[in-house]
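Undergrad: how does the following fold in three dimensions:
(one chain, ligands or ions: 1)
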Amino acid sequence: MGFLVTESPSDRALWLRTKLDSANRAYHELDAPIINDAEFDVLFRELVALETRYPELLVDSSPTQRVGGPLSRKFLSLKHSTPMLSLSNVFDAEGFYAFCDRVDQSSEKDLVEFVIEPKLDGLAISLIYEDSKLIRALTRGDGVAGEDVTENVKTIRDVPLTLNCEVPLNIEVRGEIYFDKDDFETLNLRQMKSGDKIFVNSRNAAAGTLRQLDSKITASRPLTICCYALVNANLIQKITRQSDALKFLHSVGFKTSSDVQLATGRANALAAFRDFEKRRDNLPYDIDGVVFKVNDLGLQKSLGSVARAPRWATAFKFAPDEATTKVLSIDVQVGRTGVLTPVARLRPVFVGGVTITNATLHNMDEITRKDVRVQDTVVVRRAGDVIPEVVKVILSERKSNSIPYQMPMDVPNRERLIRTAQLIHFCSRKAMNVDGLGDKLIEQFVAKKLVHDFADIYTLIEADLVALPRMGEKSARNVLVAINNSKETTLPRLIFGLGINGVGQATAQSLAEEFNSLESLGQTSAVELEKIPDIGPVLAENIVEWFSTAANQHSLKKLVEVGLIWPTPAKTDAFKNKATLTCVITGTFPELPRELLKERLNAKGIRVVSTLSKSADFLVAGAKAGSKLKKARDLGIRVLEEADARLLLNDEISVDQLPKYHK
Ligand code: IVH
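TA: From the prediction side, this is the model:
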C-alpha cells in the first residue's frame, strides 16, 4: 500500500480517519456517497492494518471502532426493545465452514438445518404491532436506538397496517426496506425527467426515501419490504423454527421472501448459496449475499450472540462486483464498424466471480473525463455479462510522474482489424455460433490471409488449420466440424451475424419476421423499413446501405454457394398478429407482480382477460394455481409457467416455441 515516504504513519492514519469519516457522513447522513464501496474498503483496510501495526495510533473515535453513522437529528430517536443486531460475514467456503464448526459445537445433531435467505441490500426496519395495529416503525440506527419513521413506513403498500389474524397480536417484526430493480430504474427515470437528482444506488435511494420529512414523497416512490425476523418468535405457540416464523409472518400478512431455501448440513447449504449466486442477476431485487440462519430456535438460543452479531447466523457475501487494480497499459481496439475503443489492460483481479484482465474505457471523452493513465490504481466494475469497465481512478495512489493518456488517431492495420472484428462477431454464439472458433484463431486466419470474408470460413480445409501454430490434427478436425455444423442456421442469426451497424439481436429478429427472406429485406427502401417499430431513419439507412454495397452482396452470394441454409420463418408467427392473442393469468408470481406481468404481456401485444374460455390462447400459471389450471388442461389450452413467461417476455423465445401443453 503505497503512501508517500515523507508521510508518517500517524499523518496517514489521520488522513484516512478524516477521509473515512466524511465518506461515512456522506453515505449515512446525506445519502450521497462520495466514494464507492470498493474504495472505502481499500482505505478502511489500510487504516485497520496501520492501527494493528501501530496500536498507539488507535483512537476511540476511529471509524474502525464503530459501525454505521451517528443518528440524524431529523427524526425522534427511540430505543429498540431488543437490540437490532448485525451479521458476521464470510466470503468463501472456508469461512462458511468455520462458522459451521462453531455451530456444530453447540449442536447435538450430526447435521444442522439451515434456513438460507437472500441478503437484500436495503435498510433494516423494525415494525411494532399492538393489538394487530402497526404503531411504530424504527430504523436500525446504531442498533440500540433507531429513528422513528412510522409515518413514512405507513405509506409502503406492502407493510400491513393491520394484521390478518383472529386474536389481536402484539408483535415486533424485522425486515428490509428496498426497491425492486425495475422500480429503482423507473424511479431514476422519473427523477431524470423531472430534473431531480439521480440516485447512485438503490440502497441510498431507499435510505433517502425512508428518511424524508414529507411522507408524501415517500408515498410517491415504490418502496417495498421483505420481512425476515419475528422478535421473540419462540414465545408464540407452535413456532420452534425460523422457517415456522417466516410462514407465520406470511400468514398474518407480511411479505416474506419466496426464495428462501432449507438445507441440512453444510454441503447442502453451500450448494444453496451457489444456486443463489447463479440466479442473482435474474432476481427482481438486488442482493449482496445470502444469509444462513440456524433453523432450530432452541439451538439459536444456546448459540447466543457475541458483540453485535448472533452466532447462529452469518452472511455469506458475494465476491464484490467492484475491485481495485492497476492499469498496466492502454491499448486501442478496432471494432467491426471501425470505431476505436481504448481498453485498459489490468493486473488480473477477481471481480464478481471471475478474474478480469481488461476493462473498456469506452472512448477518448471517457478517458479524459476520468483521466485514466497508465500505472494508475483504478476501481473496476463488472455487472453480470456486461464488459468490465473502469469506474474511476484512485487519485491518492497516483504516481507524481504520471502523464495524461493520449489516444492515437488511427492504428496500424486498421482494415485488417475491422475485418477480424466482423468475423469474430459473425462466428459468435448469438450469431452463427461456431463453437470452438476463438478470437485468436480468427485473428490468425485473417493475418495469414486464409479468410477474407464470411464465406471463406466455410472453405477452410484441414491443411490450412494444421499449418497454424499449436494446432494438432484433432483440434483442426473439431474446428472444421463446428464450422460445418453452423451452416444450418436461422434467418435472425444470419441477419444479426452480418454485423450491420445498429442491428442487434432484437432488430434482427423483427427484420426476419417482417421480411422472411434476405432478398426482400435487401430490396426494401429506407421509407418502408422505417415503418417497422423501433427502426428509425439512421438504422433504416444503415440497412439500405449495407445491402447496396457490392462487396456485401458478393459475400451473401458466396454464403449461399458454400451451403449455408436457413429455413424461411413460418408465417404463423404470433407477434405478427399483434393483439389477437389472449391469455389469462392465475396463481401467484413471487418474482413478478401481477400488474407488471400484465403490463409486460400487453406490451407484447398479448391481451390479458380474466375469464378462461376456449378462445384463450394460453394460461400463465404461477404458484398455487388452482381451478383455472385444471380448466385450462381440460380445455387443452397451453399453459405457461412463470419461467416460460419470463423467457417470452425477455424475447428469448416466441409463443410458438413454447412447449405445447403441460399435461
Ligand atoms: S437477519 C440477527 N436476514 O443485513 C440477525 N438480515 O448485515 C439480523 N439483511 O441489518 C438480521 N437480508 O439489514 C437478516 N434475510 C436477512 C437479511 C438481513 C438483509 C440485512 C439487515 C441487517 C444486515 C446485517
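Undergrad: nearest spatial neighbour of the residue in the stretch 451-600 of the chain positioned nearest to the ligand, skipping sequence neighbours?
TA: Here the stretch 451-600 of the chain gets closest to the ligand at one residue, residue 590, 15.1 Å apart by C-beta to the nearest ligand atom. In this view, the C-beta of every residue, glycine as well, is placed from N, C-alpha and C. The shortest distance from residue 590 to any residue other than its chain neighbours is 3.1 Å, reached at residue 258 (C-beta to C-beta, 6 or more residues apart in numbering).
Undergrad: how about the one you found, phi and psi?
TA: For residue 258, the backbone dihedrals (degrees, to the nearest 10) come out as phi -90, psi 0.
Undergrad: from the ligand, how far off is it?
TA: 13 Å (C-beta to the nearest ligand atom, to the nearest Å).
Undergrad: give me the neighbour count for that residue.
TA: A total of 13 residues lie near residue 258 under the criterion other C-beta atoms under 10 Å.
Undergrad: any idea which helix or strand in this protein has the lowest mean pLDDT?
TA: Ranked by mean pLDDT, DSSP states H and E, the helix or strand of the chain with the weakest confidence is helix 594-603, at a mean of 73.
Undergrad: show me what that one is packed against.
TA: Packed against helix 594-603, as judged by 3 or more C-beta pairs under 8 Å, 6 or more residues apart in numbering; DSSP states H and E, are the following elements: strand 581-586, strand 606-609, helix 642-649.
Undergrad: starting at the chain centroid, how far to that helix?
TA: For helix 594-603, the distance between its averaged C-alpha position and the chain's averaged C-alpha position is 21 Å (C-alpha atoms, centre = their mean, to the nearest Å).
Undergrad: which parts of it are buried?
TA: Of the residues in helix 594-603, those with enough neighbours to count as buried (16 or more other C-beta atoms under 10 Å) are 596-598, 600-601.
Undergrad: including distance to residue 281, could these go into JSON lines?
TA: Formatted as JSON lines, the buried residues of helix 594-603 follow (distance: C-beta to C-beta, whole Å):
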{"residue": "596", "distance to residue 281": "18"}
{"residue": "597", "distance to residue 281": "19"}
{"residue": "598", "distance to residue 281": "24"}
{"residue": "600", "distance to residue 281": "18"}
{"residue": "601", "distance to residue 281": "22"}
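Undergrad: can I get those residues in JSON lines including distance to the ligand?
TA: Converted to JSON lines, these look like this (distance: C-beta to the nearest ligand atom, whole Å):
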{"residue": "596", "distance to the ligand": "23"}
{"residue": "597", "distance to the ligand": "25"}
{"residue": "598", "distance to the ligand": "29"}
{"residue": "600", "distance to the ligand": "27"}
{"residue": "601", "distance to the ligand": "31"}
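Undergrad: near the ligand, which residues of the stretch 301-450 of the chain show up?
TA: Where proximity means C-beta under 6 Å from any ligand atom, the interface of the stretch 301-450 of the chain facing the ligand comprises 310, 313, 315.
Undergrad: out of those, which is most surrounded?
TA: residue 313 (23 neighbours).
Undergrad: which residues sit in contact with that residue?
TA: Contacts for residue 313 were tallied using C-beta atoms under 8 Å, 6 or more residues apart in numbering; they are 87-88, 291-294.
Undergrad: what are the phi and psi values for it?
TA: phi -140, psi 160.
Undergrad: isn't the residue of the stretch 451-600 of the chain closest to the ligand right up against residue 259?
TA: Yes: the pair formed by residue 590 and residue 259 meets the contact definition of C-beta atoms under 8 Å, at 7.4 Å.
Undergrad: so the two - more neighbours on which side?
TA: Looking at residue 590 and residue 259 with other C-beta under 10 Å, you find the greater number of neighbours at residue 259, namely 19 against 14.
Undergrad: quick one: residues contacting that one.
TA: Counting by C-beta under 8 Å, 6+ apart, the residues that residue 259 touches are 117-118, 276, 279, 283, 590.
Undergrad: try 6 Å
TA: Taking C-beta atoms under 6 Å, 6 or more residues apart in numbering, we find residue 259 in contact with residue 118.
Undergrad: give the helix, strand or coil label for residue 568.
TA: In terms of secondary structure, residue 568 is coil; the call rests on DSSP: H, G, I helix; E, B strand; the rest coil.
Undergrad: with respect to residue 188, which of the helices and strands packed on helix 594-603 lies nearest?
TA: helix 642-649 (21.3 Å; C-beta to C-beta).
Undergrad: same for the closest one, what does it pack against?
TA: Under the contact criterion of 3 or more C-beta pairs under 6 Å, 6 or more residues apart in numbering; DSSP states H and E, helix 642-649 touches no helix or strand at all.
Undergrad: and it, what's buried?
TA: Neighbour counts over helix 642-649 (16+ other C-beta under 10 Å) mark 642, 644-646, 648-649 as buried.
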